[in-house]
Structure formats: structure tokens, C-alpha cells
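>>> Let's see this in three dimensions:
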Amino acid sequence: MVVRIGVVDLLSMSPDSMTRRVFLEAVAGAAAQLDPTGMPNENRFETTVFGIDPRESADLVDWSALAEMDALIVSGSEPTAAPIAAEPCTAVVARLLAECAEATSLLFSCQSAHAALHLLHGVDRHRLSRRQHGVFAHTVYPDLGADADQVTPIGLAGNGIERLTAGLTGSIPIPHSRWNVMTSADLRAAAVPILLDSDAAQWQLACSADGLRHVFLQGHPEYFHDTMAREYRRDLRRWLANPALPFPDVPLGYFPDEIYTRLLAHAELVRAQRDPVLLENFPLPLDGAGVAADWASHSRLFFGNWLRSVEEARAEQELLSA
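Now for the predicted structure:
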């Protein structure tokens with residue numbers, strides 16, 4: 001049985017976009033980890049990329065091809081409006097929910113997660129005063145307080161919801177990069193199960209009550225080690241081109257202390273001199289040794305759990321239909 005995974009890129013139509021690369025690598029790395037030999041995975045998971053421009057007519061999208069996928073990963077997109085309901089991507093997500101209702105799992109990332117949560121549960125997002133940009137610690141299942149032994153988290157009773165976080169323990173670092181937030185309190189009020197939460201960055205992983213049909217990521221476990229540094233450099237370039245934009249903050253918890261301190265001074269030089277030459281030779285982490293907290297192993301675990309869950313659900317569906 002081949003499990004067909006579709007990657008929906010709502011951010012760029014470029015065939016070599018960073019969005020496609022990070023998600024394709026996340027799937028490939030997780031699939032390889034499921035079986036270290038790598039041999040059976042060639043016949044287990046097949047990925048297809050779909051580029052959709054939310055600003056274009058939905059009639060241009062091959063919805064029948066999307067509907068043939070067993071599971072979809074839907075990327076975020078650049079914010080263009082204050083309310084999530086007015087974002088162009090929200091209309092695309094609404095169509096995806098309708099056209100791909102039979103998919104085993106729809107995994108929504110960043111702004112598409114906000115759009116799906118708004119459409120499915122009526123949750124609204126809030127604009128942050130500063131961009132949430134950095135790597136933050138998360139824990140599995142938020143602390144339920146003193147009466148935790150008497151309380152069952154929403155959706156955790158007897159439905160295998162914990163499969164997405166299997167093997168994730170302790171403090172789990174995950175990148176966040178956004179201007180808007182749906183808070184953990186918002187999701188709890190809407191009875192949406194939260195699987196990974198953070199005091200500093202709010203929830204990262206949430207899902208539908210069955211633990212698989214709809215999966216929501218507010219952060220970016222799929223990021224490469226250098227993705228956040230490239231984003232920060234890009235934002236500095238944008239500010240140099242338009243100083244009316246908010247001046248970008250150095251990502252928190254991402255660079256090692258020495259580099260972070262150096263970049264704070266570098267940021268003041270950029271602000272004062274406004275010289276693009278200052279962005280040459282910018283430090284880009286090459287691997288886990290170049291970041292303050294490496295999230296790669298946690299990312300592979302999560303995406304591996306998701307792939308395995310999709311595969312098992314598909315096998316069960318085929319058995320029931322045989």
C-alpha cells in the first residue's frame with residue numbers, strides 16, 4: 001500500500017520554494033526514521049506538491065488531484081488582512097475542507113491552521129504587538145493543575161490522540177514565526193485538544209477530537225536549521241527598503257548566546273547606517289550545532305508519528321472496505 005501525501009504550497013508558486021523544500025524534507029526524514037534501512041519507504045509514501053496562489057481563482061486548482069491524496073500538508077501564507085476571515089487563504093482552506101473531506105488527515109500549518117480553526121471552530125486570531133520569532137520550549141499536554149489526576153484533557157479519552165506525540169518528552173524546542181496568534185485559551189474555549197503548549201509562545205500542536213482528521217501547527221517544526229536566520233535577514237532587507245516597517249527583532253532562543261549578543265549590536269548598526277552591505281556574511285547555522293536548541297529530532301518524531309498514524313488508518317480503511 002502506497003500512502004499519498006500532498007504538500008500544498010500557499011506561499012510561493014516557485015517549484016523550488018523554501019516552503020516546499022522544508023515540508024518535503026520533513027516527510028522524507030520522518031519516513032526514513034520509521035525504517036532506518038530506508039528500503040520499504042520507497043513503496044510506502046509518495047509525495048506530490050501542489051502550488052496554489054490564494055489570490056487567483058479557485059477554478060484554476062486541480063481539486064480532483066488533491067482529493068486523491070490520502071493526506072495533505074497545507075502551508076501558511078503571507079498575512080494580508082487583519083481578520084483571518086478576510087485572508088485569501090481562508091477561502092482556499094474552506095475549499096480544501098470541502099473537496100478533500102475524505103482524506104485521512106489534513107495537516108494545517110501557520111496561517112492555514114488559523115484559517116481552518118476559524119472555519120471549523122469559530123476561533124479568531126489576535127495581532128501581536130511584536131512578531132513572535134524564535135525557538136521556544138514546549139511541553140506535551142499542558143499542566144492541568146492540582147486536580148490533574150481527576151481531569152481528562154479534552155479528547156484524550158480512548159481515541160489514541162496521544163499517538164502524534166509518542167516519544168516526545170521533556171522540554172521540546174520548536175520555532176515560531178508569526179505576527180498573529182490564536183491563544184491556548186482560545187482553543188480550550190472552543191474545545192480543541194492541545195497536544196503541545198508553551199507559556200512563552202502559546203500552543204504549537206492541536207488536533208480534532210479523533211487525533212488525526214485535522215491537525216494544526218501554529219509553529220514550524222519543519223524549519224531547516226538556517227530558515228529562521230534567513231527570515232531575519234530577509235526582514236532586515238525589507239526594513240532597509242521600507243523603514244516604515246517595524247524594525248525586526250533578533251529571533252529569541254535561536255542563536256547561541258555569543259552570536260545573539262553580536263547580532264544585537266549588528267542590528268543597531270543596520271538601524272543607524274541603513275547600509276545593505278552590513279547584511280553580507282550574515283551567520284547562517286549549518287546544522288544543529290549552530291543553533292541554541294536543536295529541534296530536528298523532535299520534528300522527525302512528530303512527522304514520523306503523523307505518517308505512521310495516516311498509514312495505519314489507511315490500512316484499517318482498506319481492511320474494512322475489502
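
>>> Buried ones in the helix or strand where R20 lies, by neighbour count?
Following DSSP states H and E, the helix or strand that holds R20 is helix 18-34. For helix 18-34, the buried set under the neighbour-count rule, 16 or more other CB atoms under 10 Å, comprises 18-24, 26-27, 29-31, 33-34. From N, CA and C alone the C-beta is placed, and that goes for glycine too.

>>> what are the C-alpha coordinates of that helix, in CSV please?
Output for helix 18-34, consisting of C-alpha atoms alone and laid out as CSV, is shown next (Å, rounded to 0.1, in the frame of the first residue of the first chain):
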residue,chain,number,x,y,z
MET,A,18,11.6,27.1,0.6
THR,A,19,8.2,26.1,1.8
ARG,A,20,8.1,23.0,-0.4
ARG,A,21,11.7,22.1,0.4
VAL,A,22,11.2,22.1,4.2
PHE,A,23,8.0,20.1,4.1
LEU,A,24,9.3,17.6,1.6
GLU,A,25,12.4,17.1,3.7
ALA,A,26,10.3,16.8,6.8
VAL,A,27,8.3,13.9,5.2
ALA,A,28,11.4,12.2,3.7
GLY,A,29,13.3,12.5,7.0
ALA,A,30,10.4,11.1,9.1
ALA,A,31,9.8,8.3,6.6
ALA,A,32,13.5,7.2,6.7
GLN,A,33,13.3,7.2,10.5
LEU,A,34,10.3,4.9,10.5
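
>>> what's it packed up against?
With contacts taken as 3 or more CB pairs under 8 Å, 6 or more residues apart in numbering; DSSP states H and E, helix 18-34 sits against strand 3-9, strand 45-51, helix 227-241, helix 296-321.

>>> how about a cut-off of 10 Å?
Packing contacts for helix 18-34, counted by 3 or more CB pairs under 10 Å, 6 or more residues apart in numbering; DSSP states H and E, involve strand 3-9, strand 45-51, strand 71-74, strand 105-109, helix 227-241, helix 296-321.

>>> So in that sheet, which strands flank the fourth one, and in what orientation?
Spelled out, that is strand 105-109. In the sheet, strand 105-109 lines up against strand 71-74 (parallel), strand 214-217 (parallel) (DSSP bridges).

>>> For the protein, give me the ranges with low pLDDT.
Low-confidence segments of the chain, defined by pLDDT under 70: 36-43, 142-160.
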